[in-house]
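> Sequence and computational prediction follow.
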Amino acid sequence: MPLFNDFGFTEEQKMMRQSLLNLAERHLPPEKIRELDRDSGWPKEAYKALAKDGWLGLLYPERYGGLDGSYKDACILLETLSYHYACFATTYMTSAIYAGLQLLYNGSEELKQDYMVPLIQGDIYIAFALTEPQTGSDAAAIKTHAVRDGDDYIVRGQKWFITSAHVADYIVLVVKTDPSAQPAHNGFSLLLVDAKAKGVSIKPIETMGRHTTHTNQIFFDDVRVPARNLIGQENRGWRILMRGLNLERMAIAACGAGNAQKAIDIAQDYATQRIQFDQPISKFQVISHKLADMRIKAEIARLITYRTAEMLDAGWDAKMETAIAKIVATDNDFECANIGMQVMGGAGFSMEHDMQRLFRDSRLGPIGGGSNEIQRNIIAKLMGL
C-alpha cells in the first residue's frame, strides 16, 4: 500500500514528495526526533537542508530565488514533513509561511531584499507574534502598542504562545498604533522587530506537546523599531492579516493530514506484529475496524485539504472551505492518534514508542491557529446564521 494516495498529482509533485521524505529521513532519523522531543531541541540541520534544496522558497516568486509553487505544492510539502515529524512542518510554516509571506505580500522592496530573501536562503528565521495573554480567540483585543517617535516606533507589551520565537532572528509583530480606533482592529499595524534588540526578552512556555517548536512569552520593554520596518501601511494591519488566514488554515489542515497518516502506519505496524491468542491482533475485527476508522479519517482530512488548495489556486474565496478543512483535519488527526493509542494499549502509553508523541502533538491542532470553535463561528456567519 502506498504511503499516501497520490491521485491527481503530477509526476513533478510525486517526485517532490519523495525528495522531501528522503530529506526528512536523512536529517531527522527516529532517534534524533526522540532526542529533540525529550530535550526541547530545534532541528537546525534539517531546516538548513530544506533551505539548501530551495524548499523555503516554494511559495515565493523566482525573481527572489523562489520556486513559484502552488498552494497544492505547499500542501504536499507540509503533509510530507508532518508525516515524518509534526514539528518539522511547524518549523517550516512559522517562518516561510506565517511571517515571510507578510513580507512578500505587504513589505517594501527594501524589506523584501534585506529580510525576505535571506529568509528564503535560510540565513535568518522569522517568527510571527499575534496572541497575547488576554487575547486568543479575540485577536482584536490586543494591547501591545507602538508609538511613533521620530524615525522609530517604541513598542511596549507582551506576546504569548509564540512558536519558535526562542530561535528567531526577527519577529513579525502585530501591534496597536491607534488606541482610539473604532472598531479596534482599524488601529493595528505590523512591524518587523529584531528579536535581539534591547528591551526584547523571550521565555519558554512548558507545554504538553510540540516540544521542538515550543511556544514562548515575549516581553517588549520600550523596544525601538525603525519606522522603515513597518510592513504595509500604518493602521491597516488587520486587513493584511486577514489575507493570510485562508492559507494558514489550509496549512494546518495539511499538517493534520500528514500526522494522521503517520498514526495509522505506526498502529498498523504494531497490530500486525503483536501476537495475542496465537495470531496478530490485527486479525481481530475490533482492531481491524479501528485501523479502518483511522484510514477513513486520514483520507477525509486529505481530501478536504487538497480540494481546498485547488480552490485557492483557482482564485476562489474559500473562507468557509478553509475553516472546514482546518476543523476536519485537526479533529481527525487527534482522533487517529487517540485510536492508535488504544490499539497499542500499554505500548502506546509508554515513552519508548512514538504514538504517545503523536497523541501529545496532535492535541494542539484543534486549539491553535484559531480554535475549531472559532472556525465554526466563521462557518455559521458565512451561512448567514
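That came in fine, so what should we check first? Numbers count the residues shown, from 1 in each chain.
> looking at the protein, which helix or strand does the model trust least?
Ranking every helix and strand in the chain by mean pLDDT, DSSP states H and E puts helix 237-243 at the bottom, with a mean of 85.
> any idea what residue 59 is structurally, helix, strand or coil?
With DSSP: H, G, I helix; E, B strand; the rest coil as the basis, residue 59 sits in coil.
> since we're on it, how many residues are nearby?
Neighbourhood size, residue 59 [other Cβ atoms under 10 Å]: 21. (Each C-beta comes from the backbone N, C-alpha and C, glycine too.)
> The chain should start at 62 in everything you say after this.
That works, and once the first residue is 62, the last one we named lands at residue 120.
> Could you check how far it is from residue 239?
The gap separating residue 120 from residue 239 is 31 Å, by Cβ to Cβ, to the nearest Å.
> do the same with residue 104
For residue 104, the distance to residue 239 (Cβ to Cβ) stands at 40 Å.
> who's more crowded, those two?
Between residue 104 and residue 239, residue 104 has the larger neighbour count (other Cβ under 10 Å), namely 23 against 14.
> Enumerate every residue touching residue 159.
189, 233, 305, 309 (Cβ atoms under 8 Å, 6 or more residues apart in numbering).
> In terms of helices and strands, where is the last one?
Using DSSP states H and E, residue 309 maps to helix 306-334.
> How is the chain partitioned into domains?
72-186, 189-298, 305-443 (automatic domain parsing).
> so what does the least confident helix or strand of the chain touch, helix or strand wise?
Here helix 298-304 is seen to pack against helix 161-167, strand 231-237, strand 249-255 when contacts are counted using 3 or more Cβ pairs under 8 Å, 6 or more residues apart in numbering; DSSP states H and E.
> if we go to 7 Å?
helix 161-167, strand 249-255 (3 or more Cβ pairs under 7 Å, 6 or more residues apart in numbering; DSSP states H and E).
> most neighbours per residue, which of the ones you listed?
strand 249-255 (a mean of 24; mean count of other Cβ atoms under 10 Å).
> partners of that one in the sheet?
strand 231-237 (antiparallel), strand 291-292 (antiparallel) (DSSP bridges).
> do you know how far residue 305 is from residue 298?
Taken as Cβ to Cβ, the span from residue 305 to residue 298 is 11 Å.
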